[in-house]
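1. prediction below, plus the sequence it came from.
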2 protein chains.
Amino acid sequence: MVARKSLKGDYCPSARSLDVIGDWWSLLIVRDAFDGLRRFSEFQKSLGIAKNILTDRLRTLVASGILELVPMSDSSTRMEYRLTAMGKDLFPVMVALRQFGERHLFAPAEEHSLLVDRASGQPVQLDIRARDGRSIGPDETVIVKVPDGK
Amino acid sequence: MVARKSLKGDYCPSARSLDVIGDWWSLLIVRDAFDGLRRFSEFQKSLGIAKNILTDRLRTLVASGILELVPMSDSSTRMEYRLTAMGKDLFPVMVALRQFGERHLFAPAEEHSLLVDRASGQPVQLDIRARDGRSIGPDETVIVKVPDGK
DNA sequence: CATTATTGGTTTAATCATGCAACCATTCTT
DNA sequence: AAGAATGGTTGCATGATTAAACCAATAATG
């Protein structure tokens, strides 16, 4: 692959995000973490990922502040990987990916999982809106540069 | 690398999405497409990606239905890559990634770009809500299986 | 009209990342 | 105490990515 380019210095927030979770496994691990998985072996079994790669990805995610390695609650010496507050902020990303998949990547009557509101059982909605509440699409937006805050 | 595992058959919509746009370059190309880039050389210049990889990714994105290759508007024989309707449906993913980056990957006063409503100039909002309008987080949701629609 | 630059690639070689299998020390279960 | 599970590490073969050179067709320039 020859030194994968780092986007850390990019001024675009999307690029920086991709720098952290844009590789092939990281978001799948995060998805599983949202599903409640905590242990090395759980991720390994769920994803079928090679163990050395899982080791590497978990370390990277911990180093990025998305996961944290904490002692297991049940009085053991074992550790488990948990989403940090920052990690939980990836929730909209997961929901957006999920909705895209639901809309375009399944046959009309094909079985799939669905994310619902725990209280009502109704599917969750994701909208992008202007301050005044209008929902807006890509053509109603522009990217502006925010200068350095002094 | 040994044949990267395909997630096409996974029942999880997020996984299928990642199968299509989860590689390292695809979402960056899509981001640039949202920014208005159309031509091979524009993407190449913007991303600094190796040309053979760009060729491959553009082909994959076209094959996936996210981009389409259309004759340029200005009466030329040249072609340009444009987001399809399906590709534009990745907008929430881009916005979610952007917001995550803005929130966690920049120093407080660091310069960055910002996505704003064209009409008002105000930053766009992204919320995840239940049917009744309450905005909800990861802990208020569950994943259920939707059986095959017969 | 001849020259040069740009576009949109292909090919090649070197290098890096990934997957697989084997191995290992520690902890848990029986 | 024996065996299994956990959470890794190491080595190798192979695939993926890159940089660089090259190229044909078109567009721009003088």
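-> Received it, and whenever you're ready, just let me know what you need.

2. which strand residues bridge the nearest residue to A:Tyr11 once chain neighbours are set aside?
-> In this structure, A:Tyr11 finds its nearest non-sequential neighbour in B:His112, 5.4 Å apart by CB to CB, 6 or more residues apart in numbering or on different chains. (Glycine included, C-beta is placed from N, CA and C.) For B:His112, the beta-bridge partners are A:Val146 (DSSP bridges).

3. ok, B:His112 - contacts?
-> B:His112 makes contact with A:11-13, A:145-146, B:101-102, B:106 under the criterion CB atoms under 8 Å, 6 or more residues apart in numbering or on different chains.

4. try A:Ile143
-> By CB under 8 Å, 6+ apart, A:Ile143 lies in contact with B:35, B:113-116.

5. circling back: farthest-separated two in the contacts of B:His112?
-> Greatest spacing in these, by CB to CB: A:Lys145 and B:Gly101 (14.7 Å).

6. ok so, going back, ranking by neighbours, what's the top pick from the contacts of B:His112?
-> Among these, the one with the most neighbours (other CB atoms under 10 Å in any protein chain shown) is B:Gly101, at 24 neighbours.

7. pLDDT score assigned to the closest residue in space to that one that isn't next to it in sequence?
-> Nearest non-adjacent residue to B:Gly101, counting by CB to CB, 6+ apart: A:Pro13, 3.0 Å away. Confidence at A:Pro13, expressed as pLDDT, is 91.

8. any chance you could map the strands in chain A?
-> For chain A, the strands defined by DSSP state E cover A:67-71, A:79-83, A:112-117, A:125-129, A:141-146.

9. which of these sits closest to B:Leu18?
-> Short answer: strand A:112-117, nearest of the strands of chain A by CB to CB, at 14.3 Å.

10. restricting to C-alpha, output that closest one in CSV.
-> Provided in CSV are the C-alpha atoms of strand A:112-117 (Å, rounded to 0.1, in the frame of the first residue of the first chain):
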residue,chain,number,x,y,z
HIS,A,112,-33.0,-7.0,7.1
SER,A,113,-32.5,-5.5,10.6
LEU,A,114,-34.1,-2.3,11.5
LEU,A,115,-33.3,0.4,14.1
VAL,A,116,-36.3,1.4,16.1
ASP,A,117,-37.2,3.6,19.0
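
11. and the strands of chain A as JSON lines, adding distance to A:Thr60 and mean pLDDT?
-> Shown next, in JSON lines, are the strands of chain A (distance: least, CB to CB, whole Å; pLDDT from 0 to 100):
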{"stretch": "strand A:67-71", "distance to A:Thr60": "9", "mean pLDDT": "87"}
{"stretch": "strand A:79-83", "distance to A:Thr60": "12", "mean pLDDT": "90"}
{"stretch": "strand A:112-117", "distance to A:Thr60": "26", "mean pLDDT": "91"}
{"stretch": "strand A:125-129", "distance to A:Thr60": "27", "mean pLDDT": "95"}
{"stretch": "strand A:141-146", "distance to A:Thr60": "28", "mean pLDDT": "88"}
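
12. for B:Val95, find the nearest of these.
-> Short answer: strand A:125-129, nearest of those by CB to CB, at 5.5 Å.

13. contacts for the closest one?
-> Contact partners of strand A:125-129, identified using CB under 8 Å, 6+ apart, comprise A:92, A:95-96, A:99, A:135-137, B:91-92, B:95, B:124-131.

14. list the contacts of A:Ile53.
-> Contact analysis of A:Ile53 by CB under 8 Å, 6+ apart lists A:Trp25.

15. I should have written A:Ile21 there, sorry.
-> Residues in contact with A:Ile21 (CB under 8 Å, 6+ apart) are A:27, A:30, A:61, A:64, A:66, A:90, A:93.

16. tell me how far the first one lies from A:Leu97.
-> Spelled out, it's A:Leu27. Using CB to CB, to the nearest Å, A:Leu27 is found at 7 Å from A:Leu97.

17. which residues are common contacts for these two?
-> By the contact definition CB under 8 Å, 6+ apart, A:Leu27 and A:Leu97 are jointly contacted by B:14, B:18.

18. more neighbours: which of the two?
-> Set side by side, A:Leu27 and A:Leu97 show more neighbours around A:Leu97, with 28 against 20, by other CB under 10 Å.

19. how about low-confidence regions in chain A?
-> Applying pLDDT under 70 to chain A flags the ranges A:1-9, A:73-77, A:148-150.

20. about what we covered before: can you list which of the contacts of strand A:125-129 are found in helices?
-> Using DSSP state H, the members of the contacts of strand A:125-129 that fall within helices are A:92, A:95-96, A:99, B:91-92, B:95.

21. which one of those residues is nearest DNA strand C?
-> A:Ala96 (22.8 Å; CB to the nearest atom of the strand).
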